[in-house]
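**Q** this one's sequence-less:
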């Protein structure tokens, strides 16, 4: 996949095994970046903000696991915003974009962030 000029939604395949409630991703799992680090936003209060910074070299995939999240991105152009609610897609943010992540759901939401740098 070609690196996007600005953030974009990308499909994510996460097979769900309903009989035991397990999701399994093997290797890169078809993701557009080489994942070196994964972290989770957990326990963020409603309207709480995380991030609020940019990375010089790190690509990030923002993937909501539970709840509703707003991701605001400021790059070279106008500010952009996405509301994320589903595990079927992730927001790919390239380096040098200022990112704010806001929990718009209840305080128990989960967001996975997959990063290309450790």
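**A** Structure's in. What do you need? Keep in mind the model is a prediction, meaning the values are calculated, not measured. Numbering: from 1, shown residues only.
**Q** Residue ranges in the chain under the pLDDT threshold?
**A** Within the chain, the segments meeting pLDDT under 70 span 1-5, 14-29.
**Q** which residues does the residue nearest the centre of the chain contact?
**A** Centroid-nearest residue in the chain, with C-alpha atoms, centre = their mean: residue 62, separated by 0.2 Å. Neighbour list for residue 62: 69, 71, 84, 90, 91, 93, 99, 101, 111, 112, 113 [criterion: C-beta atoms under 8 Å, 6 or more residues apart in numbering]. All C-beta spots, glycine's among them, are computed from the backbone N, C-alpha and C.
**Q** One more: residue 89?
**A** 9, 10, 11, 12, 63.
**Q** Secondary structure element for the nearest residue to it once chain neighbours are set aside, which one?
**A** Spatially, and ignoring its direct neighbours in sequence, residue 89 is nearest to residue 9 (4.7 Å; C-beta to C-beta, 6 or more residues apart in numbering). Applying DSSP states H and E as the criterion places residue 9 in strand 8-11.
**Q** Report the buried residues of that strand.
**A** Going by neighbour count (16 or more other C-beta atoms under 10 Å), the buried part of strand 8-11 is 8, 10.
**Q** from here on, count from 45
**A** Fine by me, first position is 45 from now on; the one you just mentioned is strand 52-55.
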